[in-house]
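Colleague: Give me a 3D structure for the following:
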Amino acid sequence: MPFPLLSLPFVARKEVIKTLSLQEIFYVSLLSLRSRITVQSSLEAQKIDATIENGVEFSVSNSKSSFAIHLKEPEQLPTSHEYCTLFQKETRVSRCIIFNNDFLFVATTDWKTLFKPLMDLLIETFNTRRLTVHLSPQPHLQYPQDYLELLEALKSSKIHQLTVNIPSESLINVVYQKIMDQFRGARKIELNGLASDGFKYRSQSEEEFKWEEARIRDPRPFETETLLKIFANCEELYFDMEATWNVKDLLQKWIQGSRLKELEIPYRDSIEQLFEGMEAKRIRNIWKSPELGRRGAANDYCYLIKQNNSGIKAIIFLDHGNLRLTTDFEGVDSD
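Modeller: Numbers count the residues shown, from 1 in each chain. Below is the predicted model of the structure:
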């Protein structure tokens, strides 16, 4: 017997929708424009995360449930399925969506045609701006053309987290430039790839970088002035390769005022020389590994620095070839 969901009073409809799984909510939203509006108004207070893997796998989740949508070639679809039409207005080719347990399979011979409308549909339906995007080497992704197309399609979306893995040893400059210019509003970014020799990033916009956490494999494209501007709002900053710029400049910027709480970067020089001429106090190593509950650094000493205006303190130490800064520590032992 059909359930008259849309005939219920608003509060009652909202309560019913709250009991549904995310997959069921998505099904309801596909029925009509009115049902989609009903779903959207009922999900305003919910925290829903959307993830896109390489343009062909979409997932939506909250604390209670999750479901996934996969774009596949027609011959790759399961043999047992149910059909309903989707995206007929956007494409001339007939396509279908297949419901199968917690997965929805969309048959398509051209995944790039459906990527943008499907992404927009999920974001609109679930009122989510917590969008995580992962790009990594895959057989269906041609580098750099498909990377650039996907990044362009994502341009208007508010990305919460962006992870880009580069399939070659050298990161093509235009991809690097697009990532840095278009996604400065993301909260977390991870860029795994080597920049071309001699490439220096030049900002094409005055918009502020809002990154709170950044993991960058190659720090070479950043000159000191650009670096301090890009990572001004970062709370956590990690590099996988040794910097070509002066680390001391970054530490002095922190003393003047910075939100940085964690820093990790390969460092081979003397830590004593790093702090010559700086207001820093050499103390016994007091940092403890959160995982091990004991001192996790390889050396016995670290340096204590303090911000001029806020009085926030941080310790800096060498840890197995990495220079680390952290504001998460307890107690100070004088040298």
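Colleague: Thought Gln23 was touching Lys64, still the case?
Modeller: No. Under the criterion of CB atoms under 8 Å, Lys64 makes no contact with Gln23, lying 11.4 Å away. All C-beta atoms are positioned from the backbone trio N, CA, C, and that covers glycine.
Colleague: Looking at these two now, which is surrounded by more residues?
Modeller: Gln23 (19 against 11; other CB atoms under 10 Å).
Colleague: And the residue nearest in space to the middle of the chain, how far from Ser66?
Modeller: Nearest to the mean C-alpha position of the chain, by CA atoms, centre = their mean, lies Gln161 at 1.6 Å. Gln161 sits 17 Å away from Ser66, going by CB to CB, to the nearest Å.
Colleague: do the same with Thr326
Modeller: From Thr326 to Ser66 the distance is 33 Å (CB to CB).
Colleague: Just confirm the residue nearest to the centre of the chain is within a strand.
Modeller: Yes. Gln161: assigned to a strand according to DSSP: H, G, I helix; E, B strand; the rest coil.
Colleague: show me what contacts it?
Modeller: Taking CB atoms under 8 Å, 6 or more residues apart in numbering as the contact definition, Gln161 lies against Leu131, Thr132, Val133, Ala186, Arg187, Lys188, Ile189, Glu190.
Colleague: Repeat that for Leu251.
Modeller: With CB under 8 Å, 6+ apart, Leu251 has these contacts: Leu274, Met278, Ile305, Ile316, Leu325.
Colleague: For these, which two are the farthest from each other?
Modeller: The span of these, defined through CB to CB, is set by Met278 and Leu325 at 12.9 Å.
Colleague: Just give me how far stretch 127-142 sits from the chain centre.
Modeller: 10 Å (CA atoms, centre = their mean, to the nearest Å).
Colleague: still on that earlier bit, ok, Met278 and Leu325, which is more surrounded?
Modeller: Neighbours were counted for Met278 and for Leu325 using other CB under 10 Å; Leu325 has more, 23 against 12.
Colleague: Can you name every helix or strand that the host helix or strand of that one contacts?
Modeller: Using DSSP states H and E, Leu325 sits in strand 322-326. Taking 3 or more CB pairs under 8 Å, 6 or more residues apart in numbering; DSSP states H and E as contact, the helices and strands that strand 322-326 lies on are helix 247-256, strand 262-266, strand 313-319.
Colleague: quick one: strands adjacent to it?
Modeller: strand 262-266 (antiparallel), strand 313-319 (antiparallel) (DSSP bridges).
Colleague: Tell me which of those sits nearest to Thr226.
Modeller: Per CB to CB, nearest to Thr226 of the strands paired with strand 322-326: strand 262-266, 16.0 Å.
Colleague: residues near Gln145, how many?
Modeller: 9.
Colleague: nope, Gln142 is what I meant
Modeller: Neighbours around Gln142, by other CB under 10 Å: 12.
Colleague: Show the backbone phi and psi for it.
Modeller: phi -90, psi 120 (degrees, to the nearest 10).
Colleague: For Arg282, pull up the helix or strand it's in.
Modeller: strand 281-284.
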